[in-house]
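In: predicted model follows, preceded by the sequence.
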2 protein chains.
Amino acid sequence: MDQLFSYESLYQFTYAVFKAMGCSDTDATTATTVLLSADLRGIDSHGVARLSGYVRLWEVQRINTTPDIKIVHETPSTAVVDGDAGLGLVVAPYAMQVAIEKAKKVGTGWVSVRNTNHFGIAGYHAMMALQHDMIGMAMTNASALVAPTFSIERMLGTNPIAVAIPAGEEPAFVADMATTTAANGKLEILQRKNGEAPLGWVQDKEGNPSTDANILKKEGALLPLGSDREHGSHKGYALGAVVDIFSAVLSGGSYGPWAPPFPAYVPMPENMPGKGLGHFFGAMRVDAFRPAEEFKQHMDNWIKRFRNATPAPGHERVLIPGDPEREYELERKVKGIPIVASVAADLKTVGDRFGIQY
Amino acid sequence: MDQLFSYESLYQFTYAVFKAMGCSDTDATTATTVLLSADLRGIDSHGVARLSGYVRLWEVQRINTTPDIKIVHETPSTAVVDGDAGLGLVVAPYAMQVAIEKAKKVGTGWVSVRNTNHFGIAGYHAMMALQHDMIGMAMTNASALVAPTFSIERMLGTNPIAVAIPAGEEPAFVADMATTTAANGKLEILQRKNGEAPLGWVQDKEGNPSTDANILKKEGALLPLGSDREHGSHKGYALGAVVDIFSAVLSGGSYGPWAPPFPAYVPMPENMPGKGLGHFFGAMRVDAFRPAEEFKQHMDNWIKRFRNATPAPGHERVLIPGDPEREYELERKVKGIPIVASVAADLKTVGDRFGIQY
């Protein structure tokens, strides 16, 4: 049975945990806001459910809570940021802000980040651009769980891409997607329910189609968006590869199968070709292309036209990317955030460790 | 039975057709080179098979063969180009060159294009960046043939994305993909063979799964990458939407269901919100992030590692995006380009119209 928590109570608890890990007030505020934006937006796998994972990475000294995050190379429209092994939840907003500042000056800003950790949901960072009338983009590589087309080896992470585009009267267009058929979080939900995965989400260690939601624990792999070659999995593989290269090869992070694993008990890969995970951010000032008001009027027109596309029988309406998450957010801010029993137990353990009331 | 043509003979014929349509020597050279790069690279649907389509668009005065292509707005890292209804085959390389010149100065360049036409294969334009040690990107919107998730209405084109990334000793990484499960060209091949489409490529006009390769002629639709909601079609829909917005909403082109149709006999949509098709190009100087030699060494390492990923049983090897097209190109430059009978007949008609020996 899920327990309902108010946003405020989860916020206070999470903030206290980050403080106890040694974060400054500012960093704890940022990390908490970013982490909980996932719970608010209904992406439960990326919110407080991951808090204990961050704590364990800090315990094995893979997360530095007092990092010296800095720009190590730049041009007018680009930068490389070294996250100094900080929380991705803190490094990512820093780097996205660098992209935004560059866009203010020369129209666009593009920042590749190395030596960082998991950054929560990509959508949060992309959406930072919206208030500046900019288009925002965010992507990251991640622990290798995905087999390329024609392979049985786990070579890529679920490597998400987020794109946030401002509108006028309409809410913004916000796409935030793993480049796999299904995000790992979807599998985790099935595991808790002892459910079966649809065919096309995963394969077993021999490369056979599988419906076992626990197959990743048996050397199986997630499949790239498209599922199989006939349905375009080579495209999902290519998208995940582009995310890996932009995030980690451009920055000097560790890429492909050498990406540092999220579970702290998994040993780090040998012969890592770079430092830590990688992210990539972009910001494009809308008025670097056409007047912002004009653009936003056309985005309203775009959104209204797509929202009014003829629905298929059995469906009420066509969605705009970002609609479901925004509806979750409106509801959960008021009614609270449901936390499943296993996550609640996990949070209690974290609280006990630091002597924080939960 | 396919006929084999040498690249040179197809080049001379196509060049003569573009000249007869009124293109300058320079534009005819560019248009021919871009168009035939599709035939060389094995993307037969986008090469000379489309030549008669371009001629028909010119006949109904939707293509201007003496365009005044120009930058109408710019910042140090961005530009909007108006293609003056020129051939996309000519407008696109112009705009990509603008992106490259901006990247030389400020690290990256981003160009959105309006009032243009179909530009051949996206990969050609993205690959223009490679010789400058830059990453290239190209995308375009197109005639609406794709239904968003939960819809039966054709709202988006197959809206391709290409990303070209330079390497050192290894050949470049070149992804070039429609954001649908299968490109329209794949359907056309099945139509010629009277074949059936795999489930997941198209739906009928009621939104039911279909295997009819001719379903687009019966008000059916192509499906976004992912095929259905359970397999991530909302991601393919979001990707296609991002391409549409970057290409046509940013530039002032005509977007979504209002994109001008490629077949000249299809009437133009009413109340078009912008001018012509839209494209979007990006160029990022590798050394705006890290030294080019260092980046290219790591790309070699990335490519070798992925090429050596354990293959699934029944598969010889794992491919790098761009491998199949490069192999086609090597072979076809030497052995010639196979042209199916219907396309050969079509070319003969075009030749007869202009009195060009075929």
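Out: Yep, that arrived. Numbers count the residues shown, from 1 in each chain, chains lettered A, B, ... in the order given.
In: which residues of the stretch 51-200 of chain A fall in helices?
Out: With helices called from DSSP state H, counting those that start in this stretch, the stretch 51-200 of chain A shows them at A:51-59, A:88-106, A:122-127, A:184-192.
In: other SSEs contacting the longest one?
Out: In other words, helix A:88-106. Counting contacts by 3 or more Cβ pairs under 8 Å, 6 or more residues apart in numbering or on different chains; DSSP states H and E, helix A:88-106 is packed against helix A:25-40, strand A:78-82, strand A:108-116, helix A:122-127, strand A:134-140, strand A:277-285. Quick note: C-beta positions are derived from backbone N, CA and C, even for glycine.
In: show me the contacts for residue A:160.
Out: A:121, A:122, A:139, A:140, A:142, A:176, A:177, A:178, A:179, A:183, A:243 (Cβ atoms under 8 Å, 6 or more residues apart in numbering or on different chains).
In: picking up where we left off before, so which of the helices of the stretch 51-200 of chain A is the most packed in?
Out: Of all these, helix A:122-127 has the most neighbours on average by mean count of other Cβ atoms under 10 Å in any protein chain shown, namely a mean of 27.
In: turn the helices of the stretch 51-200 of chain A into JSON lines, including distance to residue A:170 and mean pLDDT.
Out: Shown next, in JSON lines, are the helices of the stretch 51-200 of chain A (distance: least, Cβ to Cβ, whole Å; pLDDT from 0 to 100):
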{"stretch": "helix A:51-59", "distance to residue A:170": "34", "mean pLDDT": "97"}
{"stretch": "helix A:88-106", "distance to residue A:170": "22", "mean pLDDT": "98"}
{"stretch": "helix A:122-127", "distance to residue A:170": "15", "mean pLDDT": "98"}
{"stretch": "helix A:184-192", "distance to residue A:170": "28", "mean pLDDT": "87"}
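In: quick check: of the contacts of residue A:160, which has the highest neighbour count?
Out: residue A:140 (32 neighbours; other Cβ atoms under 10 Å in any protein chain shown).
In: report the beta-bridge partners for the closest residue to it other than its chain neighbours.
Out: Spatial nearest neighbour of residue A:140, excluding adjacent residues (Cβ to Cβ, 6 or more residues apart in numbering or on different chains): residue A:279 at 4.5 Å. Counting by DSSP bridges, residue A:279 is bridged to residue A:113, residue A:140.
In: contacts for stretch A:207-224 next, please.
Out: So stretch A:207-224 is in contact with A:145-149, A:151-154, A:156, A:158, A:179-182, A:184, A:187, A:190-191, A:194-205, A:233-237, A:239-240, B:312-313, going by Cβ under 8 Å, 6+ apart.
In: so which residues of the stretch 201-350 of chain A form strands?
Out: A:202-203, A:209-210, A:221-222, A:277-285, A:337-339 (DSSP state E, counting those that start in this stretch).
In: contacts only, for residue A:52.
Out: Counting by Cβ under 8 Å, 6+ apart, residue A:52 has contacts A:346, A:347, A:349, A:350.
In: which of those residues tops the neighbour count?
Out: Busiest of the contacts of residue A:52 [other Cβ under 10 Å] is residue A:347, holding 23 neighbours.
In: would you mind measuring from it to residue A:9?
Out: From residue A:347 over to residue A:9 the distance is 11 Å, taken as Cβ to Cβ, to the nearest Å.
In: how about the residue most central in space within chain A, phi and psi?
Out: Of all residues in chain A, the one closest to the mean position by Cα atoms, centre = their mean is residue A:121, 3.0 Å from it. Per-residue torsions, residue A:121: phi -90, psi 140 (degrees, to the nearest 10).
In: re earlier: ranking the strands of the stretch 201-350 of chain A by burial, who's on top?
Out: Among the strands of the stretch 201-350 of chain A, highest average neighbours (mean count of other Cβ under 10 Å) belong to strand A:277-285, with a mean of 29.
In: apart from its chain neighbours, what residue comes closest to residue A:228?
Out: residue A:200 (7.0 Å).
In: now residue A:271
Out: Leaving out its chain neighbours, residue A:271 is closest to residue A:258 (Cβ to Cβ, 6+ apart), at 7.3 Å.
In: who touches the one you found in this structure?
Out: A:269, A:271, A:272, A:273, A:274.
In: what pLDDT is listed against it?
Out: For residue A:258, the pLDDT comes out at 98.
In: before we move on, what about residue A:1?
Out: 66.
In: ok, the helix or strand of chain A with the lowest mean pLDDT near chain B or not?
Out: Lowest on mean pLDDT, DSSP states H and E among the helices and strands of chain A sits helix A:184-192, with a mean of 87. No: figure legend: helix A:184-192 not in contact with chain B (Cβ under 8 Å from any Cβ of the partner chain); closest approach 10.0 Å.
In: hmm, the residue nearest to the centre of chain A is touching residue A:174, no?
Out: No: contact criterion Cβ atoms under 8 Å: residue A:121 and residue A:174 do not qualify, at 10.3 Å.
In: joint contacts of these two?
Out: Joint contacts of residue A:121 and residue A:174 (Cβ under 8 Å, 6+ apart) are residue A:162.
In: can you tell me the closest non-neighbouring residue to residue A:25?
Out: That would be residue A:19: by Cβ to Cβ, 6+ apart, it lies 7.4 Å from residue A:25.
In: also residue A:356?
Out: Per Cβ to Cβ, 6+ apart, closest to residue A:356 is residue A:16, 4.6 Å.
In: residues near the one you found, how many?
Out: 19.
In: distance check, it against chain B.
Out: 36 Å (Cβ to the nearest Cβ, to the nearest Å).
In: and that residue, which helix or strand is it part of?
Out: helix A:7-20 (DSSP states H and E).
In: tell me what that helix is packed against?
Out: Short answer (3+ Cβ pairs under 8 Å, 6+ apart): helix A:7-20 packs on helix A:25-40, helix A:51-59, strand A:337-339, helix A:341-354.
In: I'd like the mean pLDDT over that helix, please.
Out: Mean predicted lDDT for helix A:7-20 stands at 98.
In: tell me which parts of the stretch 51-200 of chain A are close to chain B?
Out: A:73, A:75-78, A:80, A:105-108, A:110, A:112, A:135, A:147-153, A:155, A:163, A:165, A:173, A:175, A:177-182, A:198, A:200.
In: related to what we said a few turns ago, could you export the helices of the stretch 51-200 of chain A as CSV, including distance to residue A:336?
Out: Converted to CSV, the helices of the stretch 51-200 of chain A look like this (distance: least, Cβ to Cβ, whole Å):
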stretch, distance to residue A:336
helix A:51-59, 17
helix A:88-106, 22
helix A:122-127, 20
helix A:184-192, 19
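In: which one of the ones you listed lies nearest to residue B:284?
Out: helix A:88-106 (12.8 Å; Cβ to Cβ).
In: can you dump the C-alpha coordinates of that closest one into PDB?
Out: In PDB, the C-alpha atoms belonging to helix A:88-106 read as follows (Å, rounded to 0.1, in the frame of the first residue of the first chain):
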ATOM      1  CA  GLY A  88      24.900  15.400 -10.700                       C
ATOM      2  CA  LEU A  89      21.900  17.000  -9.100                       C
ATOM      3  CA  VAL A  90      24.200  20.000  -8.300                       C
ATOM      4  CA  VAL A  91      26.700  19.800 -11.200                       C
ATOM      5  CA  ALA A  92      23.900  19.700 -13.900                       C
ATOM      6  CA  PRO A  93      22.100  23.000 -13.000                       C
ATOM      7  CA  TYR A  94      25.500  24.700 -12.800                       C
ATOM      8  CA  ALA A  95      26.400  23.600 -16.300                       C
ATOM      9  CA  MET A  96      22.900  24.400 -17.700                       C
ATOM     10  CA  GLN A  97      23.300  27.900 -16.200                       C
ATOM     11  CA  VAL A  98      26.600  28.200 -18.100                       C
ATOM     12  CA  ALA A  99      24.800  27.200 -21.300                       C
ATOM     13  CA  ILE A 100      22.100  29.800 -20.600                       C
ATOM     14  CA  GLU A 101      24.600  32.600 -20.000                       C
ATOM     15  CA  LYS A 102      26.400  31.800 -23.200                       C
ATOM     16  CA  ALA A 103      23.100  31.900 -25.100                       C
ATOM     17  CA  LYS A 104      22.400  35.300 -23.700                       C
ATOM     18  CA  LYS A 105      25.600  36.600 -25.300                       C
ATOM     19  CA  VAL A 106      25.900  34.700 -28.600                       C
END
